[in-house]
Each structure stands twice: as structure tokens, then as C-alpha cells.
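>>> Could you work out the structure for the sequence below:
(chains A, B, C and D)
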There are 2 protein chains.
Amino acid sequence: MKNAQELIKLNHMKVTKGRLAVLQYLIDTGEPLTIENISLGVGFLNKVTVYRILDIFVSRGLVYQTDFRKGKAYFEFQEHHHHHVVCTVCGYKEEIAACISPAILKSVIKETRSFSSIDRHMLEFFGVCNKCGVSKNNY
Amino acid sequence: MKNAQELIKLNHMKVTKGRLAVLQYLIDTGEPLTIENISLGVGFLNKVTVYRILDIFVSRGLVYQTDFRKGKAYFEFQEHHHHHVVCTVCGYKEEIAACISPAILKSVIKETRSFSSIDRHMLEFFGVCNKCGVSKNNY
DNA sequence: CTCTAAAAGCAAATATTTTGCATTTAAAAT
DNA sequence: ATTTTAAATGCAAAATATTTGCTTTTAGAG
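Reported below is the predicted structural model:
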């Protein structure tokens, strides 16, 4: 388990107070957070800077950016790569280990004519949680 | 191949001029569109109404809502369910057939304690297209 | 310690999404 | 056909999210 500073260095970025704080906050909370969440959580950073820090973290693959159909981006440090199931009624989110298989990734590479490699993917599942009632259309 | 009106009726919604126009536009263009795109494309609908129409289309599974890390939602009619590879440099999008396997979906259901069914999922791949250069970090 | 490119701050603009309420309309009931 | 009514739409405004341009600060190389 590496610390924030090592992780930043390993990914070829300047180690700054802001980046350390954002990454540490993401590591500590361990759940998907919005820019607003992070900005408030860290406390001393300009929100624009938070946007820029997350942009670069995501582009280096240090942070997973995703979308839960809430009209804004969510960011999460992923010590272990994973995805979520989201309730479309109450917004409850559960972490899941299920992920695409290497075979699927290979088939993507094989299928596409315009990309020779895939850096990352975003995968989220939506349903209605047991509290909110049981959904009918399965697929 | 069903027409817009049948599709709306089949999904238990009132058939309105707005819904017909939006769905038809999505069918005709056949690519992921933003609210702005659809609003302009249809021409006569208030943008708020477009939001509301897409909300209900997505909730009924008639339309696939996704996110390409552009700070806004994309919507696409999916005659055949599919996903995309997106270039993180130029934004170029390519349609791909690759999708999660039924086995993965089963494993999600098995893994989660809070959901008894999954209605839909969002899956997108990101990379750098051949035009923009070749990315290094593969996984 | 100096220097410089990169990062952060700040203010403002732009874009996206949501909300509340008045009006219109689809389609069911008469 | 006409009436009725819940659902859909329009409109204006608010709230929220994201981007941009430019100045100042700072990490880290030399």
C-alpha cells in the first residue's frame, strides 16, 4: 500500500500541497466523490484547482472518474479497481468487484479499427435497491 | 424494426408530439447526442421538455444514457445494445459491439446484497485513437 | 540559491441541469 | 362527439457544474 506522495511521483507528476491533499482525501474516504465534496473536504483549495488536479489524476489512471446520472462527475481512488451498482430511485451506491474480463477487452481491441490500445473503462450498473422496491425489467 | 409510436406505446407512455419527435430524431441520427443536440435537432421543443422526455425514455430502457467525460450527458437510441470507445484527446467515438457477458451480470447479482435485479448498465472505453498517437499504459 | 515551467488562485463567463407554477393536451370515460 | 383529468409541456428563473484567461506562486532542476 503506497502513500500519496509515492503515488504522485510514480505517475510523473510534481508533488504539490494540493495534489497531496486531494489524493489523501480520496484515499481516506474511499468512495466516489464530487468536485464539491473534495473541495469542501480538503478545505483550502480553490475549486478550479480541484478540477485541474482531478483531470490530471484521471489522465494518469490514478483516479477513476465515473458518472451516476446525477449531472456531475464522481471521482474515486481505486486501490483495487472496481465498479458500482446504483439505485435509480434513491441513489444508493454499492461497490462491486465484478468487472469486464480480459477477453472482452481483447475483443474491443480486435473490433476497433481506430484504436490500438485501451487505457481505461467506465462501467456502472443501475437498478432499484431492495429498499426502494423490486424492478421488473431484467436483461 | 418498430416505429417511434409503437415503441412509446409498448413502454407504457403517452404518445405526444414531443416524444415522437425526440425518439424519431434519436432513431434517425443513430448516434449519442446531447440535450443541446436533440433540442436543436427537433427544433420546436423547450429544452426543459427535452430533459424530461429523455429522463422517462432512459427510465423505461428505451434510450441509453451515457457519459464521455465531457461534463454532460449523452443519449442514444439503441436498436442493438452497444457501447463505445472514446479518444481522450480528440473525443472521437467509435461504436463497438463488445459488452459485458451474462456471466458478469450474474456475478453482480450474486455479489450484491442490496439489489435483486439490475436494469441496465453503462460501459465505455477510453483510449487514444490512432490519429492522436498511441497510448502507452495498457491494462 | 537561482531560474523556469508547471501549478494554483481568482474572477468571470459559459454551460448544464433542476424547479415551480401556469397552460395545454392525450386519451379515458361519458 | 364531448367532457374530464392526470400527465405533459412551456416559460422564467434558479441552482449547479464546468471552463477560460490571466496573474501569482511554487516545486524541483541546475
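>>> so how many other residues sit close to A:Ala97?
11 (other CB atoms under 10 Å in any protein chain shown). Just so you know, the C-beta spots here come from the backbone N, C-alpha and C atoms, and that holds for glycine as well.
>>> nope, A:Arg60 is what I meant
16.
>>> A:Asp32 and A:Glu95 touch, don't they?
Careful, residue A:32 is Pro and not Asp. No - the criterion here is CB atoms under 8 Å, and A:Pro32 misses it with A:Glu95 at 9.0 Å.
>>> between these two, what contacts are shared?
Counting by CB atoms under 8 Å, 6 or more residues apart in numbering or on different chains, the residues touching both A:Pro32 and A:Glu95 are A:His84.
>>> Could you give the number of residues near A:Tyr64?
Neighbourhood size, A:Tyr64 [other CB under 10 Å]: 20.
>>> Can you spell out which helices and strands pack onto the host helix or strand of it?
Per DSSP states H and E, A:Tyr64 falls inside strand A:63-67. Here strand A:63-67 touches helix A:47-59, strand A:73-77, strand A:120-129, strand B:63-67, going by 3 or more CB pairs under 8 Å, 6 or more residues apart in numbering or on different chains; DSSP states H and E.
>>> okay, these, which one's buried deepest?
When you average the neighbours per residue for each of the helices and strands packed on strand A:63-67 (mean count of other CB atoms under 10 Å in any protein chain shown), strand A:120-129 leads with a mean of 22.
>>> Just the C-alphas of that one, formatted as CSV.
Provided in CSV are the C-alpha atoms of strand A:120-129 (Å, rounded to 0.1, in the frame of the first residue of the first chain):
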residue,chain,number,x,y,z
ARG,A,120,-9.4,2.5,-19.2
HIS,A,121,-13.1,2.0,-19.0
MET,A,122,-16.1,3.1,-17.1
LEU,A,123,-18.7,0.6,-16.0
GLU,A,124,-21.7,1.2,-13.8
PHE,A,125,-24.8,-0.9,-13.1
PHE,A,126,-28.2,0.6,-12.4
GLY,A,127,-31.2,-1.0,-10.7
VAL,A,128,-33.6,-0.4,-7.9
CYS,A,129,-32.4,-1.4,-4.5
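>>> Partner strands of it, with direction?
Strand pairing for strand A:120-129, determined by DSSP bridges: strand A:83-87 (parallel), strand B:115-127 (antiparallel).
>>> Tell me who's in contact with A:Pro102.
A:Pro102 neighbours (CB under 8 Å, 6+ apart): none.
>>> What's the separation between it and A:Leu54?
28 Å (CB to CB, to the nearest Å).
>>> quick one: pLDDT of the closest residue to chain B within chain A?
Relative to chain B, the nearest point of chain A is A:Asp67 (3.6 Å; CB to the nearest CB). Listed pLDDT for A:Asp67 reads 98.
>>> Touching, it and A:Glu76? I think so.
No - if you go by CB under 8 Å, A:Asp67 and A:Glu76 don't touch, sitting 11.8 Å apart.
>>> if we can go back for a sec, not counting its neighbours along the chain, what's nearest the residue of chain A closest to chain B?
B:Asp67 (3.6 Å; CB to CB, 6 or more residues apart in numbering or on different chains).
>>> Outline the domain layout of chain A.
Domain segmentation of chain A under automatic domain parsing yields A:1-79, A:81-139.
>>> Quick check: which of the ones you listed is nearest to DNA strand C?
Closest to DNA strand C of those is domain A:1-79 (CB to the nearest atom of the strand; 2.9 Å).
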